[in-house]
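1. My questions are about this predicted structure, shown below with the sequence.
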Amino acid sequence: MEGELKAISLTEVLELVHAHRRSGVLEVRTGPLPLTLRFALGEVVGASILDWEGLDALFAFPLHPEEGVFRFVPTRSPEATQALMPFSVLLGEWARVNDEWDRFRTLIDSPSRVLEAIRPGEPYGAFLGGKSVRAAAKAWGVPLIIAMERAYMGVREGDLYPLRRYSWFALRIRHVGRKTKTLEEFGHLAALLDGSRNLGEIVAEGVPLGLVRRYLIRALAKEELTPPGRGWLLRDLLWEAEKEAK
């Protein structure tokens with residue numbers, strides 16, 4: 001089973017797989033963003049955006065994409081596999097968290113954004129010295145959406161402020177793509193990506209932030225770059241690009 005999400009919505013595809021108690025892998029893509037869902041007897045037992053797995057990844061993918069493609073490949077039913085959530089509960093929670101992401105991103109473009117605490121002490125001590133929302137989620141031991149909510153409240157109340165930095169600035173990238181695909185738009189940037197400096201240093205040298213972001217999105221989508229964490233990195237970069245375009 002495969003098709004376009006303009007013809008049949010993602011929720012309809014999910015409900016079909018669930019209603020017929022199918023087991024298999026559903027691959028969904030909207031723009032450059034992919035989602036892999038694993039089903040067992042109609043229940044979702046796994047979800048991932050590239051190497052980013054679990055409910056955080058699932059709920060960061062749009063439940064109602066306006067366009068995209070899907071493909072379902074049936075497999076044998078796995079034995080004793082636990083559903084992530086009962087199907088109807090999962091759909092409801094997915095819709096709710098999607099709405100929360102839209103709200104929180106009015107003030108913070110992505111969880112990779114680095115925030116600084118205005119003053120020391122709780123509840124925002126995790127941001128002292130400048131930390132991303134993802135780093136704060138790890139420090140607090142909470143789901144990403146909970147950390148994003150706390151950060152949103154901190155920015156709204158004036159206890160946190162966003163810096164012009166992202167957690168991915170720390171990455172050291174060596175360009176390995178074919179020059180024929182990237183030279184025209186990214187030639188100068190590709191020449192700088194020799195692994196000797198991180199992306200933050202390259203931006204500080206005057207390379208436009210938007211150009212670096214577009215390069216990363218393209219290279220990740222084409223699998224020219226496959227760093228650990230590429231799933232959450234691609235998700236965050238696309239959110240940032242969406243906000244930048246508005």
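-> Thanks, I have the structure now. Residues are numbered from 1 along each chain as shown.
2. Which stretches in the protein count as strands?
-> Residue ranges of the strands in the chain, as given by DSSP state E, are 2-4, 24-30, 33-40, 43-49, 52-53, 69-74, 113-117, 131-132, 160-166.
3. Mind listing what's buried along the lengthiest helix in the chain?
-> For the chain, the longest helix by residue count, based on DSSP state H, is helix 87-104. By 16 or more other Cβ atoms under 10 Å, the buried positions in helix 87-104 come out as 87, 90-91, 94, 97, 100-101, 104. C-beta: built from backbone N, CA, C; applies to glycine.
4. Residues contacting that helix from elsewhere in the structure, which ones?
-> Helix 87-104 has contacts (Cβ atoms under 8 Å, 6 or more residues apart in numbering) with 11, 14, 18, 42-44, 58-60, 62-64, 83-85, 145, 148-149, 151-152.
5. how far is it from where the chain is centred?
-> 15 Å (Cα atoms, centre = their mean, to the nearest Å).
6. Show the average pLDDT along it.
-> Mean pLDDT, computed over helix 87-104, is 98.
7. returning to what we had before: could you dump the buried residues of helix 87-104 into TSV and include distance to residue 113?
-> Shown next, in TSV, are the buried residues of helix 87-104 (distance: Cβ to Cβ, whole Å):
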residue	distance to residue 113
87	33
90	28
91	29
94	23
97	18
100	16
101	13
104	11
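8. wait, which of those residues is closest to residue 223?
-> Minimum distance to residue 223 across these is 25.5 Å, recorded for residue 101 (Cβ to Cβ).
9. gap between the closest one and residue 111?
-> Residue 101 sits 9 Å away from residue 111, going by Cβ to Cβ, to the nearest Å.
10. Quick check: neighbours shared by those two?
-> residue 148.
11. dump the residue contacts of residue 137.
-> Per Cβ under 8 Å, 6+ apart, neighbours of residue 137: 111, 143-144, 146-148.
12. out of those residues, who's nearest residue 169?
-> Looking across the contacts of residue 137 and measuring by Cβ to Cβ, the closest to residue 169 is residue 111, at 14.2 Å.
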